[in-house]
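K.L.:
Below are the sequence and a predicted model; questions follow.
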Amino acid sequence: MKEDLTKLKRSAVRPVVLAVLVALIALPGCREDAPSSGDVDAHEAAAAAPTNRIGIPPSVRQNLGITFVKAEQRAVRSVIRLPGQFEFRPEARRAYNAMLAGRVRLAVEQFQTVAAGDLLFELDSPQWHRVQSGLAEAFKACYCCLPELDAARAAKTENETQIDFLEQRIGRLTGAGSRDVVLEAELSKLQTMAPRLEAEVRAKKADMQSALLAYGVLLNEAQSLSGVKRDQLEKMLEPEEEEPLELLLESEEEESLDELLEPKEDEPLATPFWSTVDRIVVRAETAGVINQVGVTNQGWAETGDLIVETIEPTALRFHADALQTDINLFKDGQPGRIVPPLGGSIDLQDTIDGRIDVGFQAHPEQRTIPIYLVPKGLPRWAKAGVTAYLEVFVDGEEEPVLAIPEAAIVRDGLDKVFFRRDPRDPDRVIRIIADLGASDNRWVEVKSGVRPGDEIVLGGVYPLMLASSTTGETQKGGHFCGPDGTFHEGGDD
């Protein structure tokens, strides 16, 4: 009987020893320090409890390329997405050509940023000097016509004065009952001269008017060639006021041609402003960037040659092409949104809203119709030639729904899942089985499990799915251990 009792005790000890050995072998290996027996029990209890949370510390997010996107309210059912690209609007380009043949002195370089009014180039043209010569001849004609007109007016006035004097004398003599034949003959001679003197005054006026018109035509030509306003070109400068072009453009004192032509004794003649312009100065009309430089510095340019072309980088529009079969779905003024392509460094939600304009001419070979959107503001990624998508909301009455990108959803067996960032712990994500609705092939409606503004995993979603896959077993949580991103089930305590 004593032997039986000993055998019974040995049979009871063996299972206990085996259980202890199994427990020691199964201790977690995520920490270097060996946990106590109480920690082992707590860890096994936590691992056994079902959870859908996964720890993602900052080092793991960086290594796995985990990015987030916010759930948002948007239309899904009535969206038509069109591929397209940014392009410059017609008014974005401004070309500065040579008005006359001449030597060019450049003041800018390619890709240089310029503001309105900045100097672009100077043109030293022999033809411009010939225009100045014509202006000088016309200016001289105006001066010569003035004294001749004054002389004709003086002769007419003197003749009229003598006629009045003689008429008064003859009238007094007639009243006294006498007569002076000599005075009557002189009066008749003066009266005969009056029409001729009147005609001379009119002729001198016509000459003066013709000279002024010719001078004005040449001033208009000079204005077109030089880019300087006519008022500035015909401005008269006193000899001591002659200054360089840059200083004269800032002056506000002016003297009209009529005031100048008034005869003044012992006073030097004033100088017209156009005579001081020895070369044509061209300045930027609008702000922009130098896109092309057509000639070398100090090179010769012919009339009409391109010297400088500027582009305003922000004067962009988005151009997409829709199928002609969908032409009745689009109309001017519909809301549209420019969205960046998936992937890369561009935020998926860095979009541009606006109103579309439907082109008036379709493409017969491609069977498309152009759709344009002119954005009011531009993000940094919007450059000419950058491709993107234009989302057109063809049904303005559709109610927005809560949606997330389809790229954030992955399939795990028969389930579609996505991962929401834990609002209480940004270093954890929550695995959610998707309850989906309508889709536009880029965004999909989510009916439960998400609120507006919640952060959804977009980049790195596939490693999270593999780490939390529940195919064929009970769903368990876990964590990524260390900077290498190794996944372990259960907590990390």
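P.N.:
Nice, thanks for sending it over.

K.L.:
so how far is residue 108 from residue 120?
P.N.:
Computed with Cβ to Cβ, to the nearest Å, the distance linking residue 120 and residue 108 is 6 Å. Backbone N, C-alpha and C define where each C-beta goes, glycine included.

K.L.:
Past the helix ranked longest in the chain, which element shows up next along the chain?
P.N.:
Counting residues, the longest helix found in the chain (DSSP state H) is helix 126-175. Downstream of helix 126-175, the next assigned helix or strand under DSSP states H and E is helix 181-226.

K.L.:
Report the secondary structure state of the residue nearest in space to the middle of the chain.
P.N.:
By Cα atoms, centre = their mean, the mean C-alpha position of the chain lies nearest to residue 314, the distance being 1.5 Å. Here residue 314 is coil, with the state taken from DSSP: H, G, I helix; E, B strand; the rest coil.

K.L.:
When residue 120 and residue 108 are compared, which one has more neighbours?
P.N.:
Counted by other Cβ atoms under 10 Å, residue 120 and residue 108 do not tie: residue 120 has more neighbours, with 21 against 18.

K.L.:
Remind me which helix or strand that one belongs to.
P.N.:
Using DSSP H and E, residue 120 falls in strand 119-124.

K.L.:
picking up where we left off before, could you name every residue contacting both of residue 120 and residue 108?
P.N.:
114, 308 (Cβ atoms under 8 Å, 6 or more residues apart in numbering).

K.L.:
chain center to the longest helix of the chain: distance?
P.N.:
On the basis of Cα atoms, centre = their mean, to the nearest Å, helix 126-175 sits 60 Å off its chain's mean C-alpha point.

K.L.:
hmm, back to that, tell me the buried residues in the strand holding residue 120?
P.N.:
120, 121, 122, 123 (16 or more other Cβ atoms under 10 Å).

K.L.:
Could you double-check that the first one sits in contact with residue 109?
P.N.:
To tie it back to what came earlier, the one meant is residue 120. No: applying Cβ atoms under 8 Å, one finds residue 120 not in contact with residue 109, separated by 10.9 Å.

K.L.:
Just the angle for the longest helix of the chain relative to helix 181-226, thanks.
P.N.:
The directions of helix 126-175 and helix 181-226 differ by 160 degrees, with axes from the mean of the first three to the mean of the last three Cα atoms, to 10 degrees as the criterion.

K.L.:
Let me see the ranges of the helices in this structure.
P.N.:
Under DSSP H, the chain gives helices at 2-25, 37-48, 58-64, 126-175, 181-226, 230-233, 245-248, 257-261, 461-467.

K.L.:
Mind putting those into CSV with mean neighbour count and distance to residue 114?
P.N.:
Below are the helices of the chain laid out as CSV (neighbours: other Cβ atoms under 10 Å; distance: least, Cβ to Cβ, whole Å):
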stretch, mean neighbour count, distance to residue 114
helix 2-25, 9, 76
helix 37-48, 13, 67
helix 58-64, 16, 42
helix 126-175, 15, 24
helix 181-226, 15, 20
helix 230-233, 15, 22
helix 245-248, 13, 17
helix 257-261, 14, 36
helix 461-467, 17, 47
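
K.L.:
Now tabulate those helices in a markdown table and tack on distance to residue 92.
P.N.:
Below are the helices of the chain laid out as a markdown table (distance: least, Cβ to Cβ, whole Å):
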| stretch | distance to residue 92 |
| --- | --- |
| helix 2-25 | 73 |
| helix 37-48 | 62 |
| helix 58-64 | 40 |
| helix 126-175 | 30 |
| helix 181-226 | 25 |
| helix 230-233 | 29 |
| helix 245-248 | 29 |
| helix 257-261 | 41 |
| helix 461-467 | 40 |
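
K.L.:
and residue 89, which of these is closest to it?
P.N.:
helix 181-226 (26.6 Å; Cβ to Cβ).

K.L.:
Could you pull up the mean pLDDT of that closest one?
P.N.:
Averaging pLDDT along helix 181-226 gives 84.

K.L.:
Remind me what it packs against, helices and strands.
P.N.:
Applying 3 or more Cβ pairs under 8 Å, 6 or more residues apart in numbering; DSSP states H and E, one finds that helix 181-226 contacts helix 126-175, helix 230-233, strand 280-283.

K.L.:
so what strands line up beside the last one?
P.N.:
Paired with strand 280-283 in the same sheet, following DSSP bridges, are strand 119-124 (antiparallel).

K.L.:
average pLDDT across the longest helix of the chain?
P.N.:
Helix 126-175 comes out at a mean pLDDT of 84.

K.L.:
go on, stretch 363-376?
P.N.:
93.

K.L.:
List the buried residues of that stretch.
P.N.:
Buried residues in stretch 363-376 (16+ other Cβ under 10 Å): 368, 369, 370, 371, 372, 373, 375.

K.L.:
Quick one: end-to-end distance for it.
P.N.:
For stretch 363-376, the separation between the terminal residues is 27 Å (Cα to Cα, to the nearest Å).

K.L.:
List the neighbours of it that are in contact with it.
P.N.:
Residues outside stretch 363-376 that contact it (Cβ under 8 Å, 6+ apart): 82, 84, 89, 316-325, 327, 330, 336, 338, 352-359, 361-362, 382, 390, 392.

K.L.:
pLDDT weak spots in this structure?
P.N.:
Scanning the chain for pLDDT under 70 picks out 1-51, 239-269, 470-493.

K.L.:
just checking, what's the longest strand in it?
P.N.:
Secondary structure assigned by DSSP state E gives strand 79-88 as the longest strand of the chain.

K.L.:
Counting by contacts, list what that strand packs against.
P.N.:
strand 316-323, strand 387-393.

K.L.:
all strands for the stretch 301-450 of the chain, in order.
P.N.:
According to DSSP state E, counting those that start in this stretch, the stretch 301-450 of the chain carries its strands in the segments 306-311, 316-323, 335-339, 352-358, 368-373, 387-393, 401-405, 410-412, 415-421, 428-433, 436-439, 443-446.

K.L.:
Turn those strands into CSV, including distance to residue 152.
P.N.:
CSV is the format used below for these (distance: least, Cβ to Cβ, whole Å):
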stretch, distance to residue 152
strand 306-311, 50
strand 316-323, 65
strand 335-339, 74
strand 352-358, 65
strand 368-373, 67
strand 387-393, 75
strand 401-405, 90
strand 410-412, 101
strand 415-421, 97
strand 428-433, 101
strand 436-439, 93
strand 443-446, 88
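
K.L.:
Name all residues that make contact with residue 399.
P.N.:
By Cβ under 8 Å, 6+ apart, the neighbours of residue 399 are residue 75.

K.L.:
Relative to residue 335, how far out is residue 441?
P.N.:
Distance from residue 441 to residue 335, counting by Cβ to Cβ: 19 Å.
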